[in-house]
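# sequence and predicted structure are below.
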Amino acid sequence: QAQLVESGGGLVQPGGSLRLSCAASGSIFSIGTMGWHRQAPGKERELVATITSGGGRINYADSVKGRFTISRDNAKNTVSLQMSSLKPEDTAVYYCNALIVLDSRGSWRNYWGQGTQVTVSS
């Protein structure tokens, strides 16, 4: 099995910055695309950013372009989200996800973390 654990959420004032991290652990053979999603109260979960295994392809939601930066460290099996110029509408539970295969003959499966709360408020 594999697990994803997020950290770094909290309360920040509008215009502030926050860095989220997510670490994958377990019997992992390989990790593919990793990403961040978020879900605000009463809304559906939405994609925030994704990054491919080699980091060569990165996608952002239009709402966070220019403010958020996704990165990964393959040696540590981590993905991070640097968030700047935060707005109240960024308030949500942020979830990391990763496509993981547990052995060379296994199937890729999408794993999710438990989520971390980000609140942007004065």
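Received, thanks.
# so for this structure, the centremost residue is which one?
When Cα atoms, centre = their mean is applied to the chain, the residue found nearest the centroid is W36 (2.7 Å).
# and the gap between that one and V93?
Shown here: W36 relative to V93, a distance of 11 Å by Cβ to Cβ, to the nearest Å. The way it works is simple: take the backbone N, C-alpha and C, and place the C-beta from them, glycine included.
# from the centre of this structure, point out the most distant residue.
When distances are taken from the C-alpha mean of the chain, R105 lies farthest, 26.7 Å away, according to Cα atoms, centre = their mean.
# helix, strand, or coil at that one?
coil (DSSP: H, G, I helix; E, B strand; the rest coil).
# just the pLDDT for it.
Note for R105: predicted pLDDT of 87.
# start the count at 20 instead of 1 going forward.
Sure, I'll start counting at 20 from here, so that last one is R124.
# please report phi then psi for it.
Here is the backbone geometry of R124 (degrees, to the nearest 10): phi -110, psi 10.
# from G54, how far out is it?
Distance from R124 to G54, counting by Cβ to Cβ: 25 Å.
# the closest residue to the residue nearest to the centre of the chain other than its chain neighbours: how many residues sit nearby?
Residue nearest to W55 in three dimensions, not counting chain neighbours: V67, with 4.3 Å by Cβ to Cβ, 6 or more residues apart in numbering. Counted with other Cβ atoms under 10 Å, residues neighbouring V67 total 24.
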